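Q: Below: sequence and its predicted model.
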Amino acid sequence: MTVKLPPQIEVMPVDVLYRSDKCQRKDYDSTTESHIREERGYNPKIIRMKRQDENHVWQSKIALDGGGKCEWKLSTVRIDIQLMKNIPLTQGKNPNSVSYVFAFDDEFYSGGGLPGQKKEVQGNLEIKTDLFPMVYINHAFNETDIDMFGGNVRKTQWSRLFRVHNTQEITIAPVLHINNVVVLESPVTRPGKVTVTYPDGSTESISGIIPDYKKLLSMI
């Protein structure tokens, strides 16, 4: 697993989940008379990626076969990246992460929510997401968040949820358009729509919090 990042982005510790057919676990099930069901055991781990030299490249080897008496098999890998908190762009704002989830079986878990529709992929992956800083001013809570927007993940083409097959190497290499900031501002009084201001100064009113990604791509 390799993550190649712009200097303004950091990678968080990686969530890894192993599952076992051999070691079953019991869970509550309201649909059965005994209220007990058995399911594949799971073994979550946190792995810190290692920085390579002085570059903004981070790597980690994640075993497909976890071994042990339970014969653990890799089920899910989740990687989160976010803007660094000590750069001018994030000052006074709450940074939120961008997630990538890689499912190695059909029982993958969300670990805090899935980043889109499942995409079936074969072989090794290199993912280059165009990311735009997105500032959200929430007047209702008097808060300002900052995300990195990479398209509406409910559309498969921009999803960051991958069901992988025969995959040995995964590289995440996002492209951050640091100077192309899009600003979303909630209405001062409700009801009302969110106002979007694009990097070129144009504005529009939308329902929800998803700006026009194709329009942003046209500005780079």
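A: Thanks, I have the structure now.

Q: Give me the neighbour count for Ser207.
A: 8 (other C-beta atoms under 10 Å). (Each C-beta comes from the backbone N, C-alpha and C, glycine too.)

Q: and if you look at Thr156?
A: Neighbour tally, Thr156, other C-beta under 10 Å: 12.

Q: and it, what does it touch?
A: Thr156 is in contact with 116-117, 119, counting by C-beta atoms under 8 Å, 6 or more residues apart in numbering.

Q: After the longest strand belonging to the chain, heading C-terminal, what element do we hit next?
A: Scanning the chain for the strand with the most residues, using DSSP state E, yields strand 14-28. Using DSSP states H and E, the helix or strand that follows strand 14-28 in sequence is strand 36-47.

Q: Any idea which helix or strand in the chain has the lowest mean pLDDT?
A: strand 36-47 (a mean of 82; mean pLDDT, DSSP states H and E).

Q: if we look at that one, which residues are touching it?
A: So strand 36-47 is in contact with 13-29, 60, 62, 66, 70, 72, 75, 107, 109, going by C-beta under 8 Å, 6+ apart.

Q: Describe which strands that strand pairs with in its sheet and in which direction.
A: Paired neighbours of strand 36-47 in the sheet (DSSP bridges): strand 14-28 (antiparallel).

Q: Can you give me the buried ones in the strand it pairs with?
A: By neighbour count with 16 or more other C-beta atoms under 10 Å, strand 14-28 contains the buried residues 14-20.

Q: show me where pLDDT drops low in this protein?
A: For the chain, the stretches flagged by pLDDT under 70 are 26-38.

Q: For it, which segments are assigned as helices?
A: 213-217 (DSSP state H).

Q: Centre-most residue in this structure?
A: Ser99 (0.7 Å; C-alpha atoms, centre = their mean).

Q: doesn't Gly116 make contact with that one?
A: No. In this structure, Ser99 is not within contact of Gly116 by C-beta atoms under 8 Å, at 9.2 Å.

Q: Pull the contacting residues for Pro211.
A: 134, 149, 182, 184, 196, 198.

Q: Kindly reformat those as a markdown table containing neighbour count and distance to Tyr213.
A: As requested, these are exported to a markdown table (neighbours: other C-beta atoms under 10 Å; distance: C-beta to C-beta, whole Å):
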| residue | neighbour count | distance to Tyr213 |
| --- | --- | --- |
| Met134 | 21 | 10 |
| Phe149 | 22 | 7 |
| Val182 | 22 | 10 |
| Leu184 | 21 | 13 |
| Val196 | 20 | 11 |
| Tyr198 | 19 | 11 |
